[in-house]
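Student: I would like to see how this sequence folds:
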Amino acid sequence: MFELRRGLLGELQISSEMDQVVIALADDRVPRAWQAVSYPSLRSLGAWVANLGDRARFLRAWCAEPNQSLPKVTWLPGLFAPKSFLTAVQQFTALRNGWALDQTVVQAEVSLRRN
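Tutor: Sure, this is the predicted structure:
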């Protein structure tokens, strides 16, 4: 974004990558350059930015916990790699309890989020 800003101010020559970002922003789409370092999403740019904010708030609140323990409820879509998180929880639990990892299972209860 810094380079794009400088390009729009005339301080740099606009590259084809910068041009693609500008076109995507104008079309309310997430630029490909951002998608490459982000989570998969089919949302429009505005909805994507709002969702990114929700994810950041979720992670910030989790990290602010004094004991940084696992929460009783986790918003899995808010994580960038939910499968990795579940694997880590499974490994930690097996190790803590002296269980064989290959004999542990993840059991989840899905509920609707209510505002």
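
Student: contacting residues for the residue positioned nearest the centre of the chain?
Tutor: With distances taken as CA atoms, centre = their mean, residue 80 lies nearest the centre of the chain, 3.7 Å away. For residue 80, the residues meeting the contact criterion (CB atoms under 8 Å, 6 or more residues apart in numbering) are 39, 55. C-betas here are computed from N, CA, C, even on glycine.

Student: Show the pLDDT at it.
Tutor: Residue 80 carries a pLDDT value of 80.

Student: Tell me the buried residues in the longest helix seen in the chain?
Tutor: Counting residues, the longest helix in the chain under DSSP state H turns out to be helix 45-63. Judged by neighbour count using 16 or more other CB atoms under 10 Å, the buried positions of helix 45-63 are 45, 48, 52, 55, 58, 62.

Student: Tell me which helix or strand the residue nearest to the second one when sequence neighbours are not counted sits in.
Tutor: Right, the one you point to is residue 48. Counting by CB to CB, 6 or more residues apart in numbering, residue 48 lies nearest to residue 30, which is 4.9 Å off, once chain neighbours are set aside. Using DSSP states H and E, no element contains residue 30; it sits outside every helix and strand.

Student: Out of the buried residues of helix 45-63, which two sit at the greatest distance?
Tutor: Taking CB to CB, the two most distant members of these are 45 and 62; they sit 26.0 Å apart.

Student: before we move on, back to that, could you list which residues are in contact with the residue nearest to residue 48?
Tutor: Contact partners of residue 30, counting by CB under 8 Å, 6+ apart, are 24, 38, 41, 43-45, 48.

Student: Which stretches in this structure count as helices?
Tutor: In the chain, helices defined by DSSP H lie at 2-8, 16-26, 32-35, 45-63, 82-97, listed in chain order.

Student: Run through the neighbouring helices and strands of the longest one.
Tutor: In this case it means helix 45-63. Counting contacts by 3 or more CB pairs under 8 Å, 6 or more residues apart in numbering; DSSP states H and E, helix 45-63 is packed against no other helix or strand.
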